[in-house]
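Colleague: Got a predicted model here, sequence first, then my questions.
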Amino acid sequence: MEKKLILLGVIAGAVAGLLAFVFARIFAEPQIAKAIDYESGRDAAQAALDKAAGVTPEAAGPDIFSRTIQANVGIGVGMVFFGIAMGALFAVAYTICLGRVGKLRPRNLALLVALGGFLGMYFVPFLKYPANPPSIGHTDTIKDRGNLYLAMVLCSVAFLVAAVWLGKRLQPRFGNWNATLLGAGSYIVAIGIVMALLPQLGELSVNVQHYGHHATETPLPLTNSKGTIVYPGFPADVLFSFRFYSVAAQALLWTTVALAFGPMAERLLDPAVRAAAKPVPGQPEPVGAA
């Protein structure tokens, strides 16, 4: 049974990843293109400043893959495989929760598990370290940024599991509603403490050394030796749109996983549904049936 549920999760995740790719290709990819255009223009302005100061600019390395490959094949394959991975994890979590979180219908449980996956694995970590398009973030901080984001994801998932456990333990004493509120409140307090303790990306040592104290790594206006702005900072509209569509794509992915997985799991788990789907011997087929 567990293997069948995981297989269903993989199928639902593949479908969800494909839909998320279509959404991201239509809405998020244009923002990525704008960010790359900004980066190219800023690099050209920086090269001009370096040349005027007598500094030899570093030669840019060749692109391994063209923008067409990256925008279509790259993001498509990445989103589908990400959806498959999330679908498998979703199915594992669903299997663990099955029969342990009250008498919920398979579809309702699928929606709750997907909501927990979206909040715990993506949205809450996003609030601390939101997604950034190209040209935001420095190469020297890639490792630190990755470790910090991973720490946020691990803490968020661990605290979410602990909150569910706490709610179940408090249910006999305080009732469903109050126990749920206490569990959710404990999660918010715990993850809030972690967010307060983890540094802002702009406060990483490399960023402070080269750019001063800032909350993020978003590029500020480029200035010359006299302090005159020669190239603007990163466009706020592009940054907002990219982050908005990133959240929307993830919401679409997790919603699709739940909606695709729920009916399949219900048919697998509910004997009444399976019996209704099987034709009764000797009974005529419904009108219009193939």
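Modeller: Nice, thanks for sending it over. This structure is a prediction, so every number in the text was calculated from the model and none was measured.
Colleague: So the most centrally placed residue in the chain: helix, strand or coil?
Modeller: Geometric centre of the chain, nearest residue: residue 122, 4.1 Å, by Cα atoms, centre = their mean. The three-state label given to residue 122 by DSSP: H, G, I helix; E, B strand; the rest coil is helix.
Colleague: May I ask which helix or strand encompasses the nearest residue to it once chain neighbours are set aside?
Modeller: Excluding its sequence neighbours, the residue lying closest to residue 122 (Cβ to Cβ, 6 or more residues apart in numbering) is residue 250, at 4.9 Å. All C-beta atoms are positioned from the backbone trio N, CA, C, and that covers glycine. Residue 250 belongs to helix 236-269 when assigned by DSSP states H and E.
Colleague: mind listing what's buried in that helix?
Modeller: 238-239, 241-243, 245-247, 249-262, 264-266, 269 (16 or more other Cβ atoms under 10 Å).
Colleague: quick one on the thing from earlier: residue contacts, the residue nearest to the centre of the chain?
Modeller: 247, 250, 254 (Cβ atoms under 8 Å, 6 or more residues apart in numbering).
Colleague: Can you redo the residues you listed as JSON lines, where the extra columns are distance to residue 197?
Modeller: Output for those, formatted as JSON lines (distance: Cβ to Cβ, whole Å):
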{"residue": "247", "distance to residue 197": "24"}
{"residue": "250", "distance to residue 197": "25"}
{"residue": "254", "distance to residue 197": "28"}
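Colleague: For residue 90, state which of those residues is nearest.
Modeller: Nearest to residue 90 among the contacts of residue 122, counting by Cβ to Cβ, is residue 254 at 8.0 Å.
Colleague: what about the helices in the stretch 101-250 of the chain?
Modeller: Applying DSSP state H, counting those that start in this stretch to the stretch 101-250 of the chain gives helices spanning 106-118, 124-128, 142-197, 205-211, 236-269.
Colleague: okay, those helices in TSV with distance to residue 10 and mean pLDDT next?
Modeller: Shown next, in TSV, are those (distance: least, Cβ to Cβ, whole Å; pLDDT from 0 to 100):
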stretch	distance to residue 10	mean pLDDT
helix 106-118	14	94
helix 124-128	24	97
helix 142-197	20	95
helix 205-211	40	83
helix 236-269	10	95
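Colleague: I'd like to know which of those lies nearest to residue 38.
Modeller: helix 236-269 (7.2 Å).
Colleague: Run through the neighbouring helices and strands of that closest one.
Modeller: Applying 3 or more Cβ pairs under 8 Å, 6 or more residues apart in numbering; DSSP states H and E, we find helix 236-269 packed against helix 2-23, helix 29-52, helix 75-97, helix 106-118, helix 271-277.
Colleague: now the angle from it to helix 106-118?
Modeller: Between helix 236-269 and helix 106-118, the angle comes out at 150 degrees (axes from the mean of the first three to the mean of the last three Cα atoms, to 10 degrees).
Colleague: what's the spacing between helix 236-269 and its chain's center?
Modeller: 9 Å (Cα atoms, centre = their mean, to the nearest Å).
Colleague: Throw the helices and strands packed on helix 236-269 into a markdown table and include mean neighbour count and distance to residue 226, thanks.
Modeller: Converted to a markdown table, those look like this (neighbours: other Cβ atoms under 10 Å; distance: least, Cβ to Cβ, whole Å):
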| stretch | mean neighbour count | distance to residue 226 |
| --- | --- | --- |
| helix 2-23 | 20 | 45 |
| helix 29-52 | 16 | 11 |
| helix 75-97 | 19 | 42 |
| helix 106-118 | 21 | 49 |
| helix 271-277 | 10 | 74 |
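Colleague: Out of those helices, flag the one nearest residue 225.
Modeller: So among these, helix 29-52 is nearest, using Cβ to Cβ, at 8.2 Å.
Colleague: Would you format the helices of the stretch 101-250 of the chain as JSON lines with distance to residue 73 included?
Modeller: Below are the helices of the stretch 101-250 of the chain laid out as JSON lines (distance: least, Cβ to Cβ, whole Å):
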{"stretch": "helix 106-118", "distance to residue 73": "26"}
{"stretch": "helix 124-128", "distance to residue 73": "26"}
{"stretch": "helix 142-197", "distance to residue 73": "23"}
{"stretch": "helix 205-211", "distance to residue 73": "33"}
{"stretch": "helix 236-269", "distance to residue 73": "18"}
